[in-house]
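> Sequence and predicted model, in that order:
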Amino acid sequence: FDAAIAAAPRRSDQRVREPLTAADGRLLGYLEVFDGPAVGSDIVESVAQGWLIAGSVAVLVAALIGWLISRRLTQPVLALTTVTQRMAAGELAQRAQVLSRDEFGTLAHSFNDMADRVEATIVTLRHFIADAAHELHTPLTALHTELELAEARAAAPLEGIRRARVQVARLEELTQGLLDLSRVETQTLAEATTLDLTQLVRELSEVYASQADQMGLTFTLELPEQPITVRGQPDQLRRAIGNLLDNAIKFTPEGGTIRLGLHSIDRAVEITVEDTGIGIPAEDLSQLFGRFHRGRNAAAYPGHGLGLAIVKAIAEAHGGSVRAENTAQGARFCLHWPGVSRSEDVIY
C-alpha cells in the first residue's frame with residue numbers, strides 16, 4: 001500500500017490513476033491524483049484580458065477625441081481656403097462665415113474686412129475704366145469726324161491727316177474694348193435667354209468663312225448632329241467666338257486653315273477654334289488672357305491686347321472657361337462649359 005502510494009504521485013497536467021493493493025495482493029481500490037484548475041493563473045489571465053479590453057477601448061476613445069479635435073481645428077481652415085479660392089477666381093462677393101469668437105473667428109473677421117476692401121477697390125477701378133472709356137469715346141468720335149471732313153475738303157491728300165485718322169481709330173478701338181470689358185465684368189446673366197448655340201455658331205461661320213476666303217485661307221466647320229440649346233447672352237457669346245476667329249484669321253498666313261467646331265462631350269459643351277498660324281510662345285501661355293498682354297511674336301500685328309481678356313470674361317460670366325494650347329501646326333483655343341444637362345442643355 002505504501003509502495004503504491006509512493007509510486008503514484010507525479011507532476012502532470014493529466015489525471016493519474018493507481019491501484020491500491022494490500023500486502024497479500026488484494027485490490028483495495030484506486031487512488032486518483034490530478035491537477036486541479038490553476039486558480040491563480042485564471043485570475044491573472046482574467047485581469048490581463050480586462051486590461052487588454054480597457055486599453056483597446058481607451059485607444060479608440062482617444063482616436064475619436066483626436067479626430068473630433070482635428071476636425072474642429074481644420075474645418076474652419078478648409079472653409080476659409082475654399083472662400084479664398086473662389087475670390088481668387090473672381091467671385092468677389094464671397095465671405096467667410098464667422099462661427100466662433102476664438103482665433104479662427106478673428107481670422108475670419110480679418111479676412112472679410114480685407115475682402116470688403118479688395119472688392120471695393122476693384123469695383124471702383126472697373127467703374128473708373130468704364131467712365132474713362134466712355135468720356136474718351138465721345139471726343140474721339142468727334143475728332144475722327146473732323147479729320148474725315150478736313151481730309152475731304154483738302155485740295156490734295158494730306159499725309160498728316162491720314163496718320164492722325166489712323167491713330168484716332170486705334171484709340172477708338174481701345175476705348176471700345178475697355179467699355180466692352182467693363183460691361184462684361186459688371187453685368188450679370190439676368191438678361192440671358194435660351195438660344196440655339198448650333199445655329200449661332202453656324203451663322204458666325206458664314207461671316208468668317210467669307211473673310212477667310214478673302215485672306216486666302218481655308219475655313220472648315222464641324223457641328224454636332226443634334227442641336228445644342230443653351231442659356232446665355234447671344235451678343236456676348238458672338239463676341240467671344242468672334243474674337244477667337246478674328247485672331248485666328250489675323251495670325252494665320254495665306255494658304256493656312258481655320259477650323260471652327262462645336263462639340264458636346266459627356267455633359268460638357270466645347271467650342272474650338274484652331275488655326276495653322278504662328279502659334280503661341282510657351283512663355284506667353286500663362287498670361288495670354290490678361291489685359292493688354294500681347295505675345296512676343298505678335299508685335300508686327302495690329303491689336304491692343306484686350307480681345308482675349310474679353311473672351312475670358314464672357315466665358316467666366318457664363319460659368320465656363322477658356323484655354324489655349326499649341327498644336328503641331330498652329331494654335332487651338334477652346335471655350336468650355338462643364339456640367340451642361342443633357343435633358344435641358346443649359347449653360348449657367
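That came through, no problem. Residues are numbered from 1 along each chain as shown.

> neighbours of the closest residue to residue 306 other than its chain neighbours, just the number please.
Taking CB to CB, 6 or more residues apart in numbering as the measure, residue 306 lies nearest to residue 177, with 3.8 Å between them; neighbours along the chain are not counted. Using the backbone N, CA and C atoms, a C-beta is placed for each residue, glycine as well. Summarising burial for residue 177: neighbours were counted as other CB atoms under 10 Å, giving 21.

> list the contacts for residue 177?
The contact partners of residue 177, by CB atoms under 8 Å, 6 or more residues apart in numbering, come to 304, 306-307, 310.

> Now compare those residues and name the two farthest from each other.
The largest distance within those, taken as CB to CB, falls between 304 and 310 and amounts to 10.8 Å.

> Pick out whichever of those two has more residues nearby.
When neighbours are counted by other CB under 10 Å, residue 310 comes out ahead of the other of residue 304 and residue 310, with 23 against 16.

> What distance do you get for the more buried one to residue 240?
Between residue 310 and residue 240 the distance, using CB to CB, to the nearest Å, works out to 7 Å.

> do the same with residue 99
40 Å.

> what's the answer for residue 328, then?
Taking CB to CB as the criterion, residue 328 is separated from residue 240 by 26 Å.

> higher neighbour count, the two?
Shown here are residue 328 and residue 240; by other CB under 10 Å, residue 240 has more neighbours (27 against 6).

> Okay, and that one sits in which element?
Applying DSSP states H and E as the criterion places residue 240 in helix 234-250.

> ok, residues contacting that helix?
180, 184, 193, 195, 197, 200-201, 204, 208, 211-212, 215, 217, 258, 260, 271, 273-275, 277, 301-303, 307-308, 310-311, 314-315, 317-318, 322, 331, 333, 335.

> Check stretch 287-306 too.
Contacts of stretch 287-306 from elsewhere in the structure, counted by CB under 8 Å, 6+ apart, are 170, 173-174, 177-178, 180-181, 250-251, 278-281, 283-284, 308-309, 311-312, 322, 324.

> same check, this time on stretch 81-96
79-80, 108, 111-112, 115, 118-119, 122-123, 316.

> Which of those residues fall in helices?
79-80, 108, 111-112, 115, 118-119, 122-123, 316 (DSSP state H).

> since we're on residue 136, how many residues are nearby?
When neighbours are counted by other CB under 10 Å, residue 136 comes out with 17.

> before we move on, back to that, list the buried residues of the following helix or strand past the helix holding residue 240.
Of the helices and strands lying after helix 234-250 in sequence (DSSP H and E), the nearest is strand 257-265. By neighbour count with 16 or more other CB atoms under 10 Å, strand 257-265 contains the buried residues 257-262, 264.

> Restrict strand 257-265 to CA atoms and write it as PDB.
The C-alpha atoms that make up strand 257-265 are tabulated as PDB, following Å, rounded to 0.1, in the frame of the first residue of the first chain:
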ATOM      1  CA  THR A 257      -6.600  76.800 -92.500                       C
ATOM      2  CA  ILE A 258      -9.100  77.900 -89.800                       C
ATOM      3  CA  ARG A 259     -11.200  75.200 -88.100                       C
ATOM      4  CA  LEU A 260     -14.300  76.100 -86.100                       C
ATOM      5  CA  GLY A 261     -16.000  73.300 -84.100                       C
ATOM      6  CA  LEU A 262     -18.900  72.800 -81.600                       C
ATOM      7  CA  HIS A 263     -18.800  69.600 -79.600                       C
ATOM      8  CA  SER A 264     -20.900  68.000 -76.800                       C
ATOM      9  CA  ILE A 265     -18.700  65.800 -74.700                       C
END
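
> and it, what other elements does it pack with?
With contacts taken as 3 or more CB pairs under 8 Å, 6 or more residues apart in numbering; DSSP states H and E, strand 257-265 sits against helix 197-214, strand 218-222, helix 234-250, strand 268-275.

> same thing but 10 Å
The helices and strands touching strand 257-265, judged by 3 or more CB pairs under 10 Å, 6 or more residues apart in numbering; DSSP states H and E, are helix 197-214, strand 218-222, helix 234-250, strand 268-275, strand 331-337.

> picking up where we left off before, quick check: neighbours shared by residue 304 and residue 310?
Counting by CB atoms under 10 Å, 6 or more residues apart in numbering, the residues touching both residue 304 and residue 310 are 177-178, 291.

> Secondary structure, distance to residue 145 and pLDDT added to those, as CSV?
Listed next are the shared contacts of residue 304 and residue 310 as CSV, based on DSSP: H, G, I helix; E, B strand; the rest coil; distance: CB to CB, whole Å; pLDDT from 0 to 100:
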residue, secondary structure, distance to residue 145, pLDDT
177, helix, 20, 75
178, helix, 21, 73
291, coil, 29, 78
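
> for these, which one is nearest residue 140?
In terms of CB to CB, no member of these lies closer to residue 140 than residue 178, at 12.0 Å.

> where does this protein have its least confident helix or strand?
None of the helices or strands of the chain scores lower by mean pLDDT, DSSP states H and E than helix 2-7, at a mean of 45.
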